[in-house]
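[1] pasting the structure only:
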């Protein structure tokens, strides 16, 4: 008799992650464990620094039994590659946009919908991994990709940078603006009035300097720490997307840890989420001032920015493509108080 065994994609991913974790875990629950964390940001950014804070907290809470090695600046891959690396287990952790995680499990992209959250407090409640909405989507992410989100921190509110005065969407007609290469970001840039050009973050400074794109959009801290003021003259305060960066972990590695280490990671995640979110909010005023000092012209409502026009056009563009997919999600988000 021949037995046929069917193994799901999730089963293969978890088995692969667990197999990769075994040599790191060593013999016995107290053996030293080394886990890799790759991301795309500079170490001097808050997004980059929080990875170090998380690693330090985990080491402290496990008495040095878990060491997390940080690889910044896309050393271990670009956005899509980092998400896939966590999925296959070649790295244990990465932080990424919800839109990029949506390439592994489509519903996750909805977290990065523009003009979705009432304020930062609302965003943090929606993306809290202990909350019902995040728990539901995390279960789907584990099943689809063998990855889980261990925490999400406030990444800032995305603003537009250009080399010309922009006060309304019509001013962006024909302008090529870099978009994160995932659907909800491409649609957002189109809604702003520009031509979206997919460019990985690692290539953005060069693309701006060489004119491949005329502009880009990112939170203030990223614009400042990546020195984009060197290649962009105008900062347009569209405030179109408030977002959380999601810290992903390979589920096979997670399942292979003893309960004490899982608890340590959970506690470190909560502490880092709060610290990073507080730091990002506190930095927004000083980052704006620093960009002005570097010579950027700030275009806000006082300078003639038609914020309502941007909001209306972006919302209409997103609604056209995504309401049918994410309408129930949007209703659940609205109900969270």
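    All right, it came through fine. Keep in mind that this is a model prediction, so the values were computed, not measured.

[2] Could you use CA atoms for every contact and neighbour count after this?
    Noted.

[3] Surely residue 235 touches residue 296?
    Yes. Between residue 235 and residue 296 there is a contact under CA atoms under 8 Å: 6.3 Å.

[4] So which of the two has more stuff around it?
    Neighbour comparison, residue 235 and residue 296: the larger count goes to residue 235, with 28 against 23 (by other CA atoms under 10 Å).

[5] In three-state terms, how would the more buried one be classified?
    Here residue 235 is strand, with the state taken from DSSP: H, G, I helix; E, B strand; the rest coil.

[6] Any idea what it is bridged to?
    Following DSSP bridges, residue 235 is listed with bridge partners residue 161, residue 298.

[7] Helix or strand with the lowest mean pLDDT in this structure?
    One helix or strand of the chain scores below all others by mean pLDDT, DSSP states H and E: helix 9-25, with a mean of 40.

[8] C-terminal to that one, which secondary structure element comes first?
    Sequence order places strand 33-38 as the next helix or strand after helix 9-25, per DSSP states H and E.

[9] which other helices and strands contact that next one?
    The elements that strand 33-38 packs onto, with contact taken as 3 or more CA pairs under 8 Å, 6 or more residues apart in numbering; DSSP states H and E, are helix 9-25, strand 66-71, strand 93-97.

[10] which ones are touching residue 208?
    214, 215, 231, 232 (CA atoms under 8 Å, 6 or more residues apart in numbering).

[11] oh sorry, the question was meant for residue 70
    36, 37, 38, 39, 51, 52, 55.

[12] For the residue nearest to the spatial centre of the chain, which non-adjacent residue is spatially closest?
    By CA atoms, centre = their mean, the mean C-alpha position of the chain lies nearest to residue 97, the distance being 2.3 Å. Among residues not flanking residue 97 along the chain, residue 245 sits closest, at 5.2 Å (CA to CA, 6 or more residues apart in numbering).

[13] Does the one you found touch residue 152 like I think?
    Yes. Assessed by CA under 8 Å, residue 245 is found in contact with residue 152 at 5.4 Å.

[14] so what are the domain limits for this structure?
    9-154+244-283, 159-242+284-335 (automatic domain parsing).

[15] Comparing those domains, which yields the minimum mean pLDDT?
    Note on those: domain 9-154+244-283 shows the lowest mean pLDDT, a mean of 90.

[16] So what's the residue count around the residue nearest to residue 97?
    Count around residue 245 with other CA under 10 Å applied: 23.

[17] Just the element for it, please.
    Going by DSSP H and E, residue 245 is in strand 234-250.

[18] Need the contact partners of stretch 272-280.
    By CA under 8 Å, 6+ apart, stretch 272-280 touches 46-47, 50, 53-54, 57, 151-156, 221.

[19] Report the distance from the helix or strand hosting residue 121 to the chain centre.
    Using DSSP H and E, residue 121 falls within helix 120-126. Offset of helix 120-126 from its chain centre (CA atoms, centre = their mean, to the nearest Å): 15 Å.
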